[in-house]
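Trainee: Here is a sequence together with a model predicted from it:
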Amino acid sequence: MTQIVVLPHQELCPEGTVIDAAPGKSICQNLLEHGVELEHACEMSCACTTCHVVVREGFNSLVPAEEEEEDLLDKAWGLEPNSRLGCQAMVGETPLVVEIPKYSINMAKEGHRK
């Protein structure tokens, strides 16, 4: 198991949490399995930005984002150089520290599909 530290988020995880994540599963899948209700409006199909996370530690251990993810990330609220879509970033063996942005933009719900 790989440790993921989730920094406090006012609504989803007010105290923050530490989870033992399963390598080979996405950050989003792991958070959901441990009770952190990260929004995922497109059902993890890389069609929106609601599962946007900022990887504060361990970012370089992740497989680089593919072009489709990069294109969507450009539309995410609060984009940072170490932003990823939680549904696309697969957990490896390196511990991660993840921050869930305060806001998200629901590209699927708002009808902004490509």
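Mentor: Nice, I can see it. Residues are numbered from 1 along each chain as shown.
Trainee: give me every residue that touches residue 23.
Mentor: 1, 2, 90, 91, 92, 93 (CB atoms under 8 Å, 6 or more residues apart in numbering). From N, CA and C alone the C-beta is placed, and that goes for glycine too.
Trainee: what two of these are the furthest from one another?
Mentor: 1 and 90 (14.4 Å; CB to CB).
Trainee: quick one: which of the two has more around it?
Mentor: residue 90 (15 against 11; other CB atoms under 10 Å).
Trainee: who are the neighbours in contact with the most centrally placed residue in the chain?
Mentor: With distances taken as CA atoms, centre = their mean, residue 86 lies nearest the centre of the chain, 2.4 Å away. Listed by CB under 8 Å, 6+ apart, the contact set of residue 86 reads 26, 27, 28, 31, 38, 40, 51, 52, 53, 98.
Trainee: Next: residue 52.
Mentor: 73, 76, 77, 78, 79, 83, 84, 85, 86, 101, 104.
Trainee: And the nearest residue in space to it that is not next to it in sequence, how close does it get to residue 20?
Mentor: In this structure, residue 52 finds its nearest non-sequential neighbour in residue 76, 4.3 Å apart by CB to CB, 6 or more residues apart in numbering. Relative to residue 20, residue 76 is positioned 27 Å away (criterion: CB to CB, to the nearest Å).
Trainee: and the two? which has more neighbours close in?
Mentor: Each of residue 76 and residue 20 has its neighbours counted (other CB under 10 Å); residue 76 has more, 23 against 10.
Trainee: Could you measure from that one over to residue 17?
Mentor: Going from residue 76 to residue 17 by CB to CB gives 22 Å.
Trainee: can you map out the strands along this structure?
Mentor: Using DSSP state E, the strands found in the chain span residues 2-6, 17-21, 52-57, 83-85, 96-99.
Trainee: Provide the strand pairings for the shortest one, with the direction of each partner.
Mentor: If I follow you right, that is strand 83-85. Paired with strand 83-85 in the same sheet, following DSSP bridges, are strand 52-57 (antiparallel).
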